[in-house]
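Chemist: no FASTA, just this:
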């Protein structure tokens with residue numbers, strides 16, 4: 001039996017007959033006095049959202065603009081400028097890509113750097129890797145060494161499915177990956193964002209162990225053809241739940257996200273719905289057949305369904321006149337900015 005020292009708050013290891021200490025135990029027993037010590041201050045990367053050492057999973061469907069959104073975040077952090085309404089704290093950012101390829105990633109980065117009115121002094125590094133698996137101990141050690149060498153405070157990895165050999169639906173297969181990520185985050189004090197995909201029902205894909213292993217999960221949604229991107233925290237540790245919406249803006253060679261004020265945020269419209277709104281703004285009250293016959297960028301049947309769906313959202317209203325109803329914009333619909 002080892003002696004317990006309440007002041008040092010650990011079991012003191014005995015010595016061998018030769019006077020050599022026994023190897024350090026695998027655990028340390030703490031007491032209440034240790035728990036009552038002041039905690040070290042948090043080291044934020046994105047104020048009120050992401051701290052150094054956090055593991056973060058943003059997830060969404062293909063086309064939800066999740067990767068563009070995270071690149072936008074990376075550029076803002078690397079320059080210490082606001083990302084939407086969030087204050088950021090300047091630190092070096094490292095992007096590790098397993099999905100897009102160097103050429104595509106370079107283009108996206110250039111678009112975001114120009115869109116945020118930044119330049120070559122953006123403190124951001126990126127690398128495109130292939131067959132890099134964090135359920136392999138050697139690859140995990142390489143990643144830790146890479147982060148340490150780059151002195152990165154924020155790391156973004158795209159995507160989870162590409163950095164593991166196992167089945168993401170298996171707890172047994174996902175645990176080694178997130179154990180490695182946790183060790184790397186703790187050792188480097190870097191916040192690590194791993195972009196992930198959603199499942200067919202809209203939730204995150206894979207084992208429940210993924211949710212349990214991270215500080216923050218963010219659902220990213222964007223309707224097909226809509227410029228709006230909605231964000232919702234679905235798992236958070238030590239922060240309040242948050243939802244926010246942004247508008248994705250592309251020009252010829254630029255990309256950026258702009259803040260959408262509350263009240264405008266519900267205007268997450270499909271391409272067909274946006275056509276209907278534009279058509280009614282231009283032509284006024286119209287029969288649904290007239291709207292469908294003039295459909296642009298979508299099939300007539302899709303425009304017809306979009307017209308019906310906008311009534312439920314309070315964007316249009318229906319007036320029955322004989323056999324066919326006439327549709328027009330409500331006051332809310334007239335105020336929509338597309």
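Modeler: Okay, I see it. All of these numbers come straight from a predicted model, not from anything done at the bench.

Chemist: what helices or strands is the longest helix along the chain leaning on?
Modeler: Looking across the chain with DSSP state H, the single longest helix is helix 171-188. The contact analysis (3 or more CB pairs under 8 Å, 6 or more residues apart in numbering; DSSP states H and E) places helix 171-188 against strand 55-60, helix 137-150, strand 191-197, helix 208-213. (C-beta placed from N, C-alpha, C; glycine too.)

Chemist: and the first one with helix 171-188, angle?
Modeler: Looking back up the chat, that one is strand 55-60. Put simply, strand 55-60 runs at 130 degrees to helix 171-188, going by axes from the mean of the first three to the mean of the last three CA atoms, to 10 degrees.

Chemist: so for strand 55-60, mean pLDDT?
Modeler: Across strand 55-60, pLDDT averages out at 97.

Chemist: and what of stretch 191-208?
Modeler: Summarised as a single mean, pLDDT over stretch 191-208 is 92.

Chemist: one step back: using CSV, lay out the helices and strands packed on helix 171-188 together with mean neighbour count and distance to residue 225.
Modeler: Below are the helices and strands packed on helix 171-188 laid out as CSV (neighbours: other CB atoms under 10 Å; distance: least, CB to CB, whole Å):
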stretch, mean neighbour count, distance to residue 225
strand 55-60, 24, 15
helix 137-150, 15, 37
strand 191-197, 24, 20
helix 208-213, 16, 30
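
Chemist: now the ones you listed as a markdown table including distance to residue 163?
Modeler: Listed next are the helices and strands packed on helix 171-188 as a markdown table, based on distance: least, CB to CB, whole Å:
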| stretch | distance to residue 163 |
| --- | --- |
| strand 55-60 | 12 |
| helix 137-150 | 8 |
| strand 191-197 | 8 |
| helix 208-213 | 13 |
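
Chemist: picking up where we left off before, which positions within the longest helix of the chain qualify as buried?
Modeler: The neighbour-count check on helix 171-188 (16 or more other CB atoms under 10 Å) flags 173, 174, 175, 176, 177, 178, 180, 181, 184, 185, 188 as buried.

Chemist: rewinding a little: for residue 287, find the nearest of the helices and strands packed on helix 171-188.
Modeler: Checking the helices and strands packed on helix 171-188 against residue 287 by CB to CB gives strand 55-60 as the closest, at 36.8 Å.

Chemist: quick one, that closest one and strand 191-197 angle?
Modeler: Strand 55-60 and strand 191-197 are oriented at 30 degrees to each other (the same axes, to 10 degrees).

Chemist: now do strand 55-60: everything it contacts.
Modeler: 50, 66, 69-70, 160, 178, 181-182, 185, 191-198, 204-205, 210-211, 213-222, 231 (CB atoms under 8 Å, 6 or more residues apart in numbering).

Chemist: contact partners of stretch 232-249?
Modeler: Applying CB under 8 Å, 6+ apart, the contact partners of stretch 232-249 are 48-49, 65, 68-69, 84-85, 115, 204, 211, 214-219, 221-222, 227-231, 255-260, 264-265, 268.
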